[in-house]
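In: Sharing a model that was predicted from the sequence below.
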Amino acid sequence: MKPPPVLPLVILFVACSPSTEPTVLHRFALQSIAGIALPAPEAFNTACGSTVVADTIIFHSGNTGVRRSAMDVPSWTGAVNPVTCEPAASSPRKRVVSRAEFTYRLVGTEIEIDFPCNDMASCIASPHLSGTMSMAALVFEISRIGRSPLVYTRVAPSD
């Protein structure tokens, strides 16, 4: 007697199960900060010394999204010259990768992004990023959290 075909039913069930991942609507990769192509300084204060190496913004359905960034930051030892308070030219660097969820409002081509604030934090007023979105690009002319403009180009979803 032949066993029932259980495996094809299991595969069909798993393949047709609803995804828990939100739908990706748009994906953009950062090209420049304040007119400087990546890698570019993150902040106005050169003593900060952080350099953005990569940054991707993904917009999901439901007005939520995620920003993924990679930065080279000075390690604490020898990062700043104690006499001039400038970043040490040969300061050791450490690659830091971050992920930040956000909410957004899109009206026509105008977009605003808000990053959540920890209940115990002293937060910067939102919107944190404001700009325009087109089929080819995303440009944040106003940034309350860093330098601007931030210029992104659309990339194809990799899902």
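Out: Arrived safely. Numbering: from 1, shown residues only.
In: tell me the mean pLDDT for stretch 64-77?
Out: Average pLDDT, stretch 64-77: 85.
In: Ok, stretch 42-52 next?
Out: 76.
In: mind listing what's buried in the top strand by length along the chain?
Out: Of all the segments of type strand in the chain, defined by DSSP state E, the longest one is strand 93-107. By 16 or more other Cβ atoms under 10 Å, the buried positions in strand 93-107 come out as 102, 104. Yep, even glycine has a C-beta here, placed from its N, CA and C like the rest.
In: elements contacting it?
Out: In terms of contacts (3 or more Cβ pairs under 8 Å, 6 or more residues apart in numbering; DSSP states H and E), strand 93-107 is packed against strand 51-60, strand 64-74, strand 110-114.
In: try it again with 7 Å
Out: With contacts taken as 3 or more Cβ pairs under 7 Å, 6 or more residues apart in numbering; DSSP states H and E, strand 93-107 sits against strand 64-74, strand 110-114.
In: could you point out which element follows the helix-or-strand element of the chain with minimal mean pLDDT?
Out: None of the helices or strands of the chain scores lower by mean pLDDT, DSSP states H and E than helix 6-16, at a mean of 47. Moving toward the C-terminus from helix 6-16, the next helix or strand (DSSP states H and E) is strand 24-33.
In: What pairs with that next one, parallel or antiparallel?
Out: Partners of strand 24-33 in the sheet, by DSSP bridges, are strand 36-37 (antiparallel), strand 51-60 (antiparallel), strand 150-154 (antiparallel).
In: quick one: buried residues of that strand?
Out: 26, 27, 28, 30, 31, 32, 33.
In: what do you get for stretch 31-49?
Out: In stretch 31-49, counting by 16+ other Cβ under 10 Å, buried: 31, 32, 33, 40, 41, 42, 48, 49.
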